[in-house]
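Peer 1: Based on what follows, work out the 3D shape:
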Amino acid sequence: MVCVNAVAEKILERAPKSVAEAGDYLLETLTGGRLQRGKFLEDPLALMGPPYFVSRYLAQVTVRALKGEYDTLDEVMAGLGALSERNPPIIERKREISDGRVVLPEAKVVDLQYPVIGENGIWQSSIEALVTSGPLRDREVRISIRS
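Peer 2: Have a look, this model is predicted:
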């Protein structure tokens, strides 16, 4: 997992002169220089898969910077800042009202069931995790996913 604050600091240290240059620095920082600009622009999903595992949002910021879709460097940095300031993930139980929300600050994945098509044609998957911090610490949770 990439530390967004560390990436932002590296970009600021290098003081890019343009948005595209900031995009080049982002790509270089995220991949250690292993993924070339042209290859990445052909397939932006390459950054999200192995061996990089960069978040989709961070990959989008990188693509937009490389394509010059930001007007200023401040907008690039604001995009990175927005990612680091996001709230922790919230898991909701079967669409209950907001009182039913549970925050899982940290959890260790114990089991991962890959998606399969159920009897009714709906994709189903699940994640079992051991919560390692917060009010549910040392409890196992099962997260069911259907689509």
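Peer 1: Just give the nearest non-adjacent residue to S147, would you?
Peer 2: W123 (4.8 Å; CB to CB, 6 or more residues apart in numbering). Using the backbone N, CA and C atoms, a C-beta is placed for each residue, glycine as well.
Peer 1: how close does that neighbour get to Q113?
Peer 2: Distance from W123 to Q113, counting by CB to CB, to the nearest Å: 11 Å.
Peer 1: One more: L26?
Peer 2: 34 Å.
Peer 1: Mind checking which of the two has more residues around it?
Peer 2: Per other CB atoms under 10 Å, whichever of L26 and Q113 has more neighbours is L26, with 27 against 13.
Peer 1: my read is that one is in a strand, agree?
Peer 2: No. Looking at L26 with DSSP: H, G, I helix; E, B strand; the rest coil, it is helix, so not inside a strand.
Peer 1: close enough to count as contact, it and A65?
Peer 2: Yes. Counting by CB atoms under 8 Å, A65 is a contact partner of L26 at 5.9 Å.
Peer 1: Residue ranges of each domain in the chain, please.
Peer 2: Domain assignment for the chain by automatic domain parsing gives 4-84, 90-146.
Peer 1: Do you know the pLDDT at V54?
Peer 2: On the pLDDT scale, V54 is placed at 84.
Peer 1: Count the residues that sit near it.
Peer 2: Number of residues near V54 (other CB under 10 Å) recorded here: 22.
Peer 1: Am I right that it is in a helix?
Peer 2: No. The assignment for V54, made by three-state DSSP, is coil rather than a helix.
Peer 1: Kindly list the main-chain dihedrals of the residue positioned nearest the centre of the chain?
Peer 2: Taking CA atoms, centre = their mean, the centroid of the chain lies closest to S55, which sits 2.5 Å from it. Main-chain dihedrals, S55, degrees, to the nearest 10: phi -60, psi 150.
Peer 1: That one and L83 touch, don't they?
Peer 2: Yes. With contact defined as CB under 8 Å, S55 reaches L83; the gap is 7.2 Å.
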